[in-house]
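Student: Output the structure for:
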Amino acid sequence: MPVKHIRNAYEAALTMTAVLLSYSLALWLEDAAALHTDVLVLAVALTLTLARTQRTADTRGRLTACVLLPALAGAATLLGHLIADHYALGAAVFTLAISLPIWIRRFGPAATKAGTLMTLPLVALLVVPGPALPPRAQSALLSWGWSAVIGLLACGCVWLVQMSADRLGRWQPDPEPHRPRRASRLRPVPSTRMAWQMAAAVAAAFTLGRLLFDHHWPWMVLTVYVVASGNRGRDDVIRKGVERLVGACAGTLLATAVGAAGITGRTSVVLIFAVLAVALWLRPLNYAYWAAGMTTALSLLLGYFGQDAQDLLPTRLAAIAVGAVLAVASACCVLPVPRRRTPAPSPA
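Tutor: Numbers count the residues shown, from 1 in each chain. Next up, the predicted model:
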């Protein structure tokens, strides 16, 4: 096996160790504080996304994450309540919140890293399956305070696992490349252009998502974010859109096979973690592997919460396809960025 595959497996193992630790602590907290199952999903989603962005962070960066992420996680929970109660207003606030981190990249690496932390709870908000919970749980979602606790828990687990691995493990993380910043001649500058592209695509996804897919609108919004974030121009957005669609189709077939086998309960939870581990391992090779793994894992999660995942898979694929088209259309039509002048994307 090539060394890079072994290295990828090592990094995936570190991430999954942090995820499992976070999940275990959240499971204990759920029982001790009589919380609801969505706290487990939030813990896994935050830990999974945070682990990738914090791999090369120094002590200052990790302390910053420990301060910012809990507050942002709590704010995202309040935003989730706003979307549930006042969809149009909540969608407008979410659109602004997801575009702002892109716009502030103009202020340098520190602002870029802070912007990345800002996006993590927003992405988790799209993953936590509120409509999949029982009706009594939907009316008793976590307060912002408990979400902040989960954010702090995710930071602690990622820090503990990654710092221990760096001290005891064989491999050290690859240092972040530092590219010299050059003033862009584009007006508006690329970060502003990409922020407008994201805002336009997300706003369209909220509108069409509610009209076409009812409460499954998060699938379309999440697709728009994944395809449009950190793009290097129109060709890059098209490539990522195709990869996500291909991966989602593959995940659909796998999830259908699992559903036909009648796998439910704790076995499905174990399978979710196994799928995520394999997807993390293969992600550096091609984004389609990650898209396939996420589609499969989310489908299994829906089944765990009692929804018929097989019946919902066509809806999921349609939402992903429309979301990818929206992201590509926005990148091509809203202040397009020439590839040769586009700055390096954020690590989000």
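
Student: Show me where this protein has its strands.
Tutor: Using DSSP state E, the chain contains no strands.

Student: Now residue 33: closest residue in space, sequence neighbours ignored.
Tutor: Distance criterion C-beta to C-beta, 6 or more residues apart in numbering; nearest residue to residue 33, sequence neighbours excluded, is residue 146 at 7.4 Å. (C-beta placed from N, C-alpha, C; glycine too.)

Student: can you check residue 152 too?
Tutor: Closest residue to residue 152 apart from its sequence neighbours, by C-beta to C-beta, 6+ apart: residue 70 at 4.4 Å.

Student: Quick one, grab the pLDDT at the one you found.
Tutor: If you check residue 70, the pLDDT there is 91.

Student: Residue 144 is in contact with that one, correct?
Tutor: No: Residue 70 lies out of contact with residue 144 (C-beta atoms under 8 Å); the separation is 9.7 Å.

Student: between those two, who's got more neighbours?
Tutor: Just comparing residue 70 and residue 144: by other C-beta atoms under 10 Å the higher neighbour count belongs to residue 70, 23 against 19.

Student: residues contacting that one?
Tutor: Counting by C-beta atoms under 8 Å, 6 or more residues apart in numbering, residue 70 makes contact with 147, 148, 149, 151, 152, 155.

Student: I figured the residue nearest to residue 33 hits residue 39, correct?
Tutor: Yes: the criterion here is C-beta under 8 Å, and residue 146 meets it with residue 39 at 6.8 Å.

Student: Common neighbours of these two, please.
Tutor: Common neighbours of residue 146 and residue 39 are not found (criterion: C-beta under 8 Å, 6+ apart).

Student: What is the least confident helix or strand in this structure?
Tutor: Least confident helix or strand of the chain, by mean pLDDT, DSSP states H and E, is helix 135-138 with a mean of 44.

Student: Identify the residue nearest the residue nearest the centre of the chain in space, chain neighbours excluded?
Tutor: In the chain, the centroid-proximal residue (C-alpha atoms, centre = their mean) is residue 123; its distance is 4.4 Å. Take residue 123 and drop its neighbours on the chain: the residue closest to it by C-beta to C-beta, 6+ apart is residue 49, 6.0 Å away.

Student: Measure how buried that neighbour is and give me the count.
Tutor: 22.

Student: pLDDT below threshold where in the stretch 201-348 of the chain?
Tutor: 232, 264, 305-310, 339-348 (pLDDT under 70).

Student: Helices of that one, start to end?
Tutor: 217-228, 234-260, 265-282, 287-304, 309-333 (DSSP state H, counting those that start in this stretch).

Student: and the gap between residue 10 and residue 56?
Tutor: Using C-beta to C-beta, to the nearest Å, residue 10 is found at 15 Å from residue 56.

Student: Ok, residue 78 next?
Tutor: Residue 78 is 31 Å from residue 56, by C-beta to C-beta.

Student: Could you tell me how many residues sit around the residue nearest to residue 33?
Tutor: 20.

Student: Please list all residues in contact with it.
Tutor: Contacts of residue 146 by C-beta under 8 Å, 6+ apart are 33, 35, 39.

Student: Show me how to select, in PyMOL, the buried members of those.
Tutor: Listed next is the PyMOL selection for buried residues among the contacts of residue 146, using 16 or more other C-beta atoms under 10 Å:
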select buried, resi 35+39
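
Student: Redo the contacts of residue 146 as CSV? Include distance to residue 24 and pLDDT.
Tutor: Output for those, formatted as CSV (distance: C-beta to C-beta, whole Å; pLDDT from 0 to 100):
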residue, distance to residue 24, pLDDT
33, 15, 81
35, 15, 75
39, 13, 82
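
Student: Name the nearest of the contacts of residue 146 relative to residue 84.
Tutor: residue 39 (17.0 Å; C-beta to C-beta).

Student: show me the contacts for the closest one.
Tutor: 26, 29, 30, 142, 146, 150.

Student: what separates it from residue 272, distance-wise?
Tutor: 16 Å.

Student: Kindly report the same for residue 161.
Tutor: 19 Å.

Student: Could you do residue 334 as well?
Tutor: Taking C-beta to C-beta, one finds residue 334 at 36 Å from residue 272.

Student: Those two: who's more crowded?
Tutor: Neighbour count, other C-beta under 10 Å: between residue 334 and residue 272, residue 272 has more, with 20 against 16.

Student: check contacts around the more buried one.
Tutor: Counted by C-beta under 8 Å, 6+ apart, residue 272 has contacts 297, 300, 301, 304.
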